[in-house]
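J.: here is a sequence with its predicted model. Questions after.
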Amino acid sequence: EIIQAYRDLADVERAFRTMKSVLDLRPFFHRTEDRVRAHVFICVLAYLLEKLMEKALQRAQMPLSAEKALSSLKQMGVAVMKVGQESYGYVSEPTYRQRQVLAALDIPLPSRVLVPQKLG
């Protein structure tokens, strides 16, 4: 039981490192009990999300880890173009891999043009 608990902890820590690297989070240094509890909560949540993603990818028969799937999605971008007083966002065309990942996760493709917003 101790060995299994240690392996589970290692999985949670790995999942958190994965999520932090994908989200570009900076290191945290906690000095209060509340912050440590929040950090542990985020670690467990990251682990849960990673496992759910991996199960969805497996169901879709995609041989990808959650880390690779997130890395693929991270390459999607939005370009902003200003026309007069409005700003439009244009989402990059998803690659074949990105479309597969989004479909496996049951996430609809984003609209290519985002709603304009008034500037100023």
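T.: Structure's in. What do you need? Numbering: from 1, shown residues only.

J.: poorly predicted segments of this protein, please.
T.: Judged by pLDDT under 70, the chain has its weakly predicted residues at 15-16, 18-30, 116-120.

J.: quick one: the strands in this structure?
T.: 78-83, 86-91, 113-118 (DSSP state E).

J.: looking at these, which is nearest to Glu33?
T.: When the strands of the chain are compared by C-beta to C-beta, strand 78-83 sits nearest Glu33, at 39.1 Å. Just so you know, the C-beta spots here come from the backbone N, C-alpha and C atoms, and that holds for glycine as well.

J.: got the angle for the closest one vs strand 86-91?
T.: Comparing the axes of strand 78-83 and strand 86-91 via axes from the mean of the first three to the mean of the last three C-alpha atoms, to 10 degrees yields an angle of 150 degrees.

J.: relative to strand 78-83, what are the paired strands and their orientations?
T.: Within its sheet, strand 78-83 is paired with strand 86-91 (antiparallel), according to DSSP bridges.

J.: list the buried residues for the partner strand?
T.: Gly89 (16 or more other C-beta atoms under 10 Å).

J.: now that strand, how far from the chain's geometric center?
T.: Strand 86-91 sits 23 Å away from the centroid of its parent chain (C-alpha atoms, centre = their mean, to the nearest Å).

J.: may I have that strand as CSV, with CA atoms only?
T.: Presented in CSV, the C-alpha positions along strand 86-91 are these (Å, rounded to 0.1, in the frame of the first residue of the first chain):
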residue,chain,number,x,y,z
GLU,A,86,-13.3,47.6,-33.7
SER,A,87,-10.9,44.7,-33.0
TYR,A,88,-11.5,41.3,-34.6
GLY,A,89,-9.8,38.1,-33.5
TYR,A,90,-9.0,35.4,-36.1
VAL,A,91,-8.4,31.9,-34.8
